[in-house]
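Undergrad: have a look at this fold, sequence not included:
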Ligand code: ADP
(Lines give C-alpha, C1' and ligand atoms only; values in the text may rest on other atoms or scores of the structure.)
Protein backbone atom coordinates (compact mmCIF):
# COMPACT_ATOMS: atom_id res chain seq x y z
CA UNK A 1 0.00 0.00 0.00
CA UNK A 2 1.32 3.49 -0.86
CA UNK A 3 2.40 5.60 2.06
CA UNK A 4 0.35 8.78 2.53
CA UNK A 5 3.30 11.15 3.10
CA UNK A 6 6.06 9.41 1.15
CA UNK A 7 9.17 11.65 1.07
CA UNK A 8 7.29 14.76 2.21
CA UNK A 9 9.31 17.05 4.47
CA UNK A 10 7.19 18.05 7.46
CA UNK A 11 8.12 20.69 10.03
CA UNK A 12 6.23 19.83 13.20
CA UNK A 13 6.33 22.20 16.16
CA UNK A 14 5.70 20.85 19.64
CA UNK A 15 6.40 17.28 18.57
CA UNK A 16 8.23 16.47 21.77
CA UNK A 17 5.15 15.47 23.69
CA UNK A 18 1.44 14.73 23.58
CA UNK A 19 -0.46 15.14 20.31
CA UNK A 20 2.67 16.36 18.53
CA UNK A 21 4.67 13.28 19.51
CA UNK A 22 1.89 11.02 18.17
CA UNK A 23 1.91 13.04 14.94
CA UNK A 24 5.71 12.73 14.60
CA UNK A 25 5.53 8.94 14.90
CA UNK A 26 2.58 8.75 12.51
CA UNK A 27 4.14 11.03 9.86
CA UNK A 28 7.37 9.03 9.93
CA UNK A 29 5.39 5.78 9.58
CA UNK A 30 3.74 7.30 6.50
CA UNK A 31 7.11 7.91 4.88
CA UNK A 32 7.69 11.58 5.74
CA UNK A 33 10.90 13.27 6.84
CA UNK A 34 9.92 14.92 10.10
CA UNK A 35 11.69 17.88 11.72
CA UNK A 36 10.45 18.21 15.28
CA UNK A 37 10.86 21.78 16.49
CA UNK A 38 10.39 21.93 20.25
CA UNK A 39 11.78 23.99 23.08
CA UNK A 40 12.27 20.71 24.96
CA UNK A 41 15.12 19.35 22.87
CA UNK A 42 15.63 16.22 24.99
CA UNK A 43 11.98 15.19 24.64
CA UNK A 44 12.06 15.93 20.91
CA UNK A 45 15.21 13.84 20.48
CA UNK A 46 13.59 10.91 22.25
CA UNK A 47 10.53 11.08 19.98
CA UNK A 48 12.79 11.38 16.94
CA UNK A 49 14.69 8.29 18.02
CA UNK A 50 11.44 6.36 18.48
CA UNK A 51 10.19 7.54 15.08
CA UNK A 52 13.26 6.29 13.20
CA UNK A 53 15.94 7.66 10.92
CA UNK A 54 13.64 9.99 8.96
CA UNK A 55 12.88 12.08 12.03
CA UNK A 56 15.17 14.62 13.67
CA UNK A 57 14.91 17.16 16.48
CA UNK A 58 15.64 20.87 16.55
CA UNK A 59 15.57 22.80 19.81
CA UNK A 60 13.76 26.14 19.44
CA UNK A 61 11.25 28.32 21.21
CA UNK A 62 8.55 28.93 18.59
CA UNK A 63 7.58 32.24 20.17
CA UNK A 64 11.02 33.65 19.26
CA UNK A 65 11.35 34.74 15.64
CA UNK A 66 15.14 34.40 15.54
CA UNK A 67 14.97 30.82 16.80
CA UNK A 68 12.22 29.92 14.33
CA UNK A 69 14.21 31.42 11.45
CA UNK A 70 17.24 29.33 12.31
CA UNK A 71 15.12 26.17 12.79
CA UNK A 72 13.59 26.58 9.33
CA UNK A 73 17.06 27.25 7.90
CA UNK A 74 18.32 24.00 9.47
CA UNK A 75 15.45 22.03 7.93
CA UNK A 76 16.21 23.51 4.50
CA UNK A 77 19.92 22.76 4.87
CA UNK A 78 19.16 19.17 5.88
CA UNK A 79 16.25 18.32 3.57
CA UNK A 80 16.38 20.95 0.82
CA UNK A 81 12.64 21.53 0.83
CA UNK A 82 9.57 21.87 3.05
CA UNK A 83 6.23 20.33 2.05
CA UNK A 84 4.25 20.92 5.22
CA UNK A 85 4.29 22.89 8.44
CA UNK A 86 2.21 21.58 11.31
CA UNK A 87 1.94 24.33 13.95
CA UNK A 88 1.23 22.27 17.02
CA UNK A 89 3.31 23.73 19.86
CA UNK A 90 1.10 25.19 22.52
CA UNK A 91 0.71 26.01 26.16
CA UNK A 92 -2.39 25.82 28.34
CA UNK A 93 -3.43 28.26 31.02
CA UNK A 94 -4.46 27.65 34.60
CA UNK A 95 -8.15 28.11 35.40
CA UNK A 96 -8.53 31.88 35.72
CA UNK A 97 -11.25 34.28 34.62
CA UNK A 98 -10.05 37.00 32.27
CA UNK A 99 -9.88 39.81 34.85
CA UNK A 100 -7.56 37.72 37.03
CA UNK A 101 -5.27 36.72 34.16
CA UNK A 102 -1.95 38.52 34.39
CA UNK A 103 -0.64 40.46 31.43
CA UNK A 104 2.42 38.20 31.37
CA UNK A 105 0.21 35.09 31.15
CA UNK A 106 -1.93 36.62 28.39
CA UNK A 107 1.14 37.65 26.37
CA UNK A 108 2.85 34.28 26.81
CA UNK A 109 -0.26 32.35 25.65
CA UNK A 110 -0.53 34.50 22.53
CA UNK A 111 3.20 34.40 21.80
CA UNK A 112 3.36 30.60 21.93
CA UNK A 113 -0.07 29.62 20.60
CA UNK A 114 -0.62 32.29 17.93
CA UNK A 115 2.42 34.42 17.15
CA UNK A 116 4.43 31.24 16.52
CA UNK A 117 2.26 30.67 13.42
CA UNK A 118 3.20 34.12 12.17
CA UNK A 119 6.89 33.24 12.60
CA UNK A 120 6.78 29.80 10.95
CA UNK A 121 4.73 31.19 8.06
CA UNK A 122 7.07 34.12 7.56
CA UNK A 123 10.13 31.93 7.35
CA UNK A 124 8.76 28.77 5.69
CA UNK A 125 6.56 30.47 3.08
CA UNK A 126 9.13 30.70 0.26
CA UNK A 127 9.77 26.95 0.58
CA UNK A 128 6.04 26.19 0.81
CA UNK A 129 5.43 28.27 -2.33
CA UNK A 130 7.96 26.16 -4.19
CA UNK A 131 6.49 22.87 -2.99
CA UNK A 132 2.84 24.01 -3.14
CA UNK A 133 2.76 22.79 0.41
CA UNK A 134 0.31 22.64 3.26
CA UNK A 135 -0.04 24.24 6.67
CA UNK A 136 -1.92 22.62 9.53
CA UNK A 137 -2.73 24.37 12.80
CA UNK A 138 -3.63 22.55 15.99
CA UNK A 139 -6.51 24.66 17.34
CA UNK A 140 -8.98 23.28 19.88
CA UNK A 141 -12.65 22.59 20.34
CA UNK A 142 -12.66 25.34 22.97
CA UNK A 143 -11.81 27.81 20.21
CA UNK A 144 -15.18 26.93 18.67
CA UNK A 145 -17.41 26.81 21.73
CA UNK A 146 -15.48 28.38 24.62
CA UNK A 147 -14.57 27.08 28.06
CA UNK A 148 -15.30 28.47 31.49
CA UNK A 149 -12.44 30.28 33.24
CA UNK A 150 -10.00 29.98 30.33
CA UNK A 151 -10.76 33.11 28.30
CA UNK A 152 -7.14 33.82 27.34
CA UNK A 153 -6.46 30.26 26.17
CA UNK A 154 -9.82 30.11 24.39
CA UNK A 155 -8.99 33.41 22.66
CA UNK A 156 -5.69 32.00 21.38
CA UNK A 157 -7.43 28.99 19.90
CA UNK A 158 -10.21 31.15 18.42
CA UNK A 159 -7.49 33.30 16.87
CA UNK A 160 -5.90 30.24 15.32
CA UNK A 161 -9.25 29.36 13.76
CA UNK A 162 -9.72 32.78 12.16
CA UNK A 163 -6.03 32.93 11.21
CA UNK A 164 -6.38 29.57 9.45
CA UNK A 165 -9.23 30.95 7.32
CA UNK A 166 -7.40 34.18 6.53
CA UNK A 167 -4.23 32.30 5.57
CA UNK A 168 -6.23 29.87 3.43
CA UNK A 169 -7.59 32.80 1.40
CA UNK A 170 -4.22 34.54 1.10
CA UNK A 171 -2.19 31.51 0.09
CA UNK A 172 -4.66 29.66 -2.15
CA UNK A 173 -3.29 31.55 -5.19
CA UNK A 174 0.05 29.87 -4.40
CA UNK A 175 -1.67 26.45 -4.10
CA UNK A 176 -0.80 26.34 -0.39
CA UNK A 177 -3.58 24.78 1.65
CA UNK A 178 -4.17 25.84 5.27
CA UNK A 179 -6.39 23.85 7.62
CA UNK A 180 -6.95 23.44 11.35
CA UNK A 181 -7.81 20.56 13.57
CA UNK A 182 -9.80 20.96 16.79
CA UNK A 183 -9.22 18.27 19.41
CA UNK A 184 -11.40 18.15 22.53
CA UNK A 185 -9.88 16.38 25.55
CA UNK A 186 -6.96 14.18 24.50
CA UNK A 187 -4.89 12.36 27.13
CA UNK A 188 -1.57 14.13 26.93
CA UNK A 189 0.92 15.30 29.57
CA UNK A 190 -0.56 18.81 29.16
CA UNK A 191 -4.05 17.59 30.03
CA UNK A 192 -2.71 15.48 32.92
CA UNK A 193 -0.93 18.56 34.31
CA UNK A 194 -4.08 20.64 33.91
CA UNK A 195 -6.21 18.00 35.68
CA UNK A 196 -3.69 17.92 38.51
CA UNK A 197 -4.17 21.66 39.05
CA UNK A 198 -7.96 21.35 39.45
CA UNK A 199 -9.51 21.29 42.95
CA UNK A 200 -10.57 17.63 42.47
CA UNK A 201 -8.28 16.04 39.84
CA UNK A 202 -10.01 12.63 39.91
CA UNK A 203 -13.47 14.11 39.40
CA UNK A 204 -12.10 16.31 36.60
CA UNK A 205 -10.55 13.28 34.85
CA UNK A 206 -13.86 11.42 35.14
CA UNK A 207 -15.81 14.39 33.83
CA UNK A 208 -13.48 14.77 30.84
CA UNK A 209 -14.09 11.15 29.96
CA UNK A 210 -17.82 11.91 29.58
CA UNK A 211 -17.69 14.90 27.23
CA UNK A 212 -17.18 13.00 23.97
CA UNK A 213 -20.22 11.36 22.41
CA UNK A 214 -18.04 8.58 21.01
CA UNK A 215 -16.46 7.42 24.27
CA UNK A 216 -13.77 8.35 26.79
CA UNK A 217 -10.97 10.81 26.05
CA UNK A 218 -8.72 9.31 23.37
CA UNK A 219 -4.97 9.40 22.95
CA UNK A 220 -3.27 11.57 20.36
CA UNK A 221 -3.30 8.88 17.66
CA UNK A 222 -6.89 9.82 16.73
CA UNK A 223 -5.68 13.34 15.99
CA UNK A 224 -2.61 12.09 14.11
CA UNK A 225 -4.79 10.02 11.75
CA UNK A 226 -6.75 13.10 10.66
CA UNK A 227 -3.59 15.21 10.53
CA UNK A 228 -2.07 12.71 8.06
CA UNK A 229 -5.14 13.13 5.88
CA UNK A 230 -4.92 16.94 6.01
CA UNK A 231 -1.24 16.91 5.04
CA UNK A 232 -1.73 14.34 2.29
CA UNK A 233 -2.94 14.59 -1.30
CA UNK A 234 -6.22 13.01 -0.22
CA UNK A 235 -7.36 16.38 1.13
CA UNK A 236 -6.06 18.25 -1.93
CA UNK A 237 -9.33 20.18 -2.45
CA UNK A 238 -9.67 21.24 1.19
CA UNK A 239 -8.48 24.56 2.53
CA UNK A 240 -9.69 26.84 5.31
CA UNK A 241 -11.32 23.83 6.97
CA UNK A 242 -11.70 23.75 10.72
CA UNK A 243 -12.09 20.11 11.58
CA UNK A 244 -13.29 19.05 15.02
CA UNK A 245 -11.77 15.68 15.95
CA UNK A 246 -13.68 15.60 19.16
CA UNK A 247 -15.97 12.60 19.23
CA UNK A 248 -18.85 15.05 18.76
CA UNK A 249 -18.14 16.77 22.09
CA UNK A 250 -19.18 20.20 20.84
CA UNK A 251 -22.64 19.00 19.78
CA UNK A 252 -23.77 19.10 23.39
CA UNK A 253 -26.81 16.87 23.50
CA UNK A 254 -26.46 13.33 24.81
CA UNK A 255 -29.02 10.54 25.01
CA UNK A 256 -30.48 10.87 28.48
CA UNK A 257 -31.12 7.14 28.84
CA UNK A 258 -27.48 6.20 28.21
CA UNK A 259 -25.95 4.05 30.92
P1 LIG B 1 -0.76 18.88 23.96
O2 LIG B 1 -1.86 18.49 24.91
O3 LIG B 1 -1.18 20.07 23.10
O4 LIG B 1 -0.22 17.76 23.14
P5 LIG B 1 1.77 18.95 25.48
O6 LIG B 1 2.17 19.88 26.61
O7 LIG B 1 1.66 17.51 25.81
O8 LIG B 1 0.39 19.52 24.89
O9 LIG B 1 2.75 19.19 24.25
C10 LIG B 1 3.01 20.46 23.78
C11 LIG B 1 4.42 20.48 23.16
O12 LIG B 1 4.70 21.82 22.76
C13 LIG B 1 5.52 20.07 24.17
O14 LIG B 1 6.42 19.17 23.56
C15 LIG B 1 6.18 21.40 24.50
O16 LIG B 1 7.57 21.27 24.82
C17 LIG B 1 5.99 22.16 23.19
N18 LIG B 1 6.08 23.60 23.40
C19 LIG B 1 5.39 24.34 24.30
N20 LIG B 1 5.77 25.63 24.23
C21 LIG B 1 6.72 25.72 23.25
C22 LIG B 1 7.50 26.77 22.71
N23 LIG B 1 7.40 28.01 23.15
N24 LIG B 1 8.37 26.47 21.70
C25 LIG B 1 8.49 25.22 21.25
N26 LIG B 1 7.79 24.17 21.72
C27 LIG B 1 6.92 24.41 22.72
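TA: Looks like it came in fine. For clarity, every value in this text was computed on a predicted model and none was experimentally measured.

Undergrad: ok, and the closest non-adjacent residue to the closest residue to the ligand within the chain?
TA: Proximity to the ligand, evaluated over the chain using C-beta to the nearest ligand atom, is greatest for residue 18 at 2.2 Å. No exception for glycine: its C-beta is placed from N, CA and C like everyone else's. Nearest residue to residue 18, sequence neighbours excluded (C-beta to C-beta, 6 or more residues apart in numbering): residue 188, at 3.1 Å.

Undergrad: what pLDDT does that neighbour get?
TA: Looking at residue 188, its pLDDT is 90.

Undergrad: for it, give its distance to residue 158.
TA: Relative to residue 158, residue 188 is positioned 21 Å away (C-beta to C-beta, to the nearest Å).

Undergrad: on that earlier part again, list the contacts for the residue of the chain closest to the ligand?
TA: Each residue near residue 18 by C-beta atoms under 8 Å, 6 or more residues apart in numbering is listed here: 186, 188-191, 220.

Undergrad: swap in residue 239?
TA: By C-beta under 8 Å, 6+ apart, the neighbours of residue 239 are 168, 172, 177-179.

Undergrad: quick check, the residue nearest to residue 18 in contact with residue 23.
TA: No - with contacts counted by C-beta atoms under 8 Å, residue 188 stays clear of residue 23, the gap being 11.5 Å.

Undergrad: which of the two has more neighbours?
TA: Neighbours were counted for residue 188 and for residue 23 using other C-beta atoms under 10 Å; residue 23 has more, 33 against 21.

Undergrad: residues from the stretch 101-250 of the chain in reach of the ligand?
TA: Contacts of the stretch 101-250 of the chain with the ligand, taken as C-beta under 6 Å from any ligand atom, map to 112, 188-191.

Undergrad: pull the number of nearby residues for the nearest residue to residue 47 once chain neighbours are set aside.
TA: Setting aside the residues directly before and after it, residue 47 is nearest to residue 21 in space (C-beta to C-beta, 6+ apart), at 4.7 Å. For residue 21, the neighbour count with other C-beta under 10 Å is 27.

Undergrad: pLDDT score for residue 21?
TA: Turning to residue 21, the model gives it a pLDDT of 98.

Undergrad: same check, this time on residue 257
TA: With respect to pLDDT, residue 257 has a value of 67.

Undergrad: for residue 1, same thing?
TA: Looking at residue 1, its pLDDT is 72.

Undergrad: next: residue 240.
TA: The model's pLDDT for residue 240 equals 98.

Undergrad: which one is it nearest to, not counting chain neighbours?
TA: Residue 240's closest residue in space is residue 168 (C-beta to C-beta, 6+ apart), at 3.3 Å.

Undergrad: doesn't residue 72 make contact with residue 82?
TA: Yes - applying C-beta under 8 Å as the test, residue 82 and residue 72 come out as touching, 7.4 Å apart.

Undergrad: what is in contact with those two at once?
TA: Counting by C-beta under 8 Å, 6+ apart, the residues touching both residue 82 and residue 72 are 11, 124, 127.

Undergrad: the first one bridge partners, please.
TA: Here residue 11 sits in beta bridges with residue 35, residue 85, as judged by DSSP bridges.

Undergrad: need the contact list for it.
TA: Shown in contact with residue 11 (C-beta under 8 Å, 6+ apart): 35, 37, 71-72, 75, 82, 84-86, 120, 124.

Undergrad: please, where are all the helices along the stretch 101-250 of the chain?
TA: 103-110, 116-131, 142-145, 151-171, 189-196, 201-208, 221-231 (DSSP state H, counting those that start in this stretch).

Undergrad: tell me how far the second one is from the chain's mean position?
TA: Using C-alpha atoms, centre = their mean, to the nearest Å, we find the averaged C-alpha position of helix 116-131 to lie 16 Å away from the chain's own average C-alpha position.

Undergrad: tell me the buried residues in the least confident helix or strand in the chain by mean pLDDT?
TA: Within the chain, no helix or strand scores below helix 189-196, which has a mean of 89 by mean pLDDT, DSSP states H and E. For helix 189-196, a neighbour-count test (16 or more other C-beta atoms under 10 Å) marks 190-191, 194-195 as buried.
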